[in-house]
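1. sequence plus the predicted model coming up.
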Amino acid sequence: MTELTVWHDGACPLCRREIALFRRLDRAGHITFVDVSGDEPVACPIDRDAMLARFHAREDGRLLSGAAAFAAMWRAIPMLRPIGLAARNPVVLAVLDKVYARFLRVRPGMQRLARKWER
C-alpha cells in the first residue's frame, strides 16, 4: 500500500472538521496525519508557514501540495479512490487546482465564520 503523510492546520476549524472526516474514512489507517499548528516541533519537509498556507501530503516520498495532495489522500481511501485516480489526469488536476486556489482566497472568511459557530 502507498505510504501517505498528510500535514494539516489543527488550529483551523475547517481543517479540523475535514481531517476528522478523513480520519473516519481511513479505516485501514493508511494515512499518517500530522498537525503542524502547535507550538511543539513537528518534522516538516518545508517551512512551517508554507505548510500552514496550503494543503500538503507526501505520497511514496514525493511531496505534493494543493489539489494533488488532496488527490493522494483520496486515493488512500477506498470510497474516494476513483476521484483520486481521475485526478492523475493533468486536465482534471488543473481544474481541481483552480478550484482549490479559489477556495484559498475565501478560506480566511470561512475560518472566521466557523470560529463564531464553534462558540
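-> Great, that's in hand.
2. show me where this protein has strands.
-> Counting by DSSP state E, the chain has strands at residues 4-8, 31-35, 56-59, 62-65.
3. show me what the last one pairs with in its sheet, parallel or antiparallel.
-> Translated: strand 62-65. strand 56-59 (antiparallel) (DSSP bridges).
4. contact partners of the strand it pairs with?
-> By C-beta atoms under 8 Å, 6 or more residues apart in numbering, the surrounding residues in contact with strand 56-59 are 2-7, 45-46, 63-65, 68-70, 72-73, 75. Using the backbone N, CA and C atoms, a C-beta is placed for each residue, glycine as well.
5. among the helices and strands of this structure, which has the poorest mean pLDDT?
-> Ranked by mean pLDDT, DSSP states H and E, the weakest helix or strand in the chain is helix 48-53, scoring a mean of 86.
6. buried residues in that one, which are they?
-> Using 16 or more other C-beta atoms under 10 Å as the test for burial, helix 48-53 gives Met51, Leu52.
7. same deal with stretch 26-38?
-> Asp26, Ile31, Phe33, Val34, Val36, Ser37.
8. ok, stretch 3-10 next?
-> Leu4, Thr5, Val6, Trp7, His8, Asp9, Gly10.
9. what's the answer for stretch 107-119, then?
-> Arg107, Gln111, Ala114.
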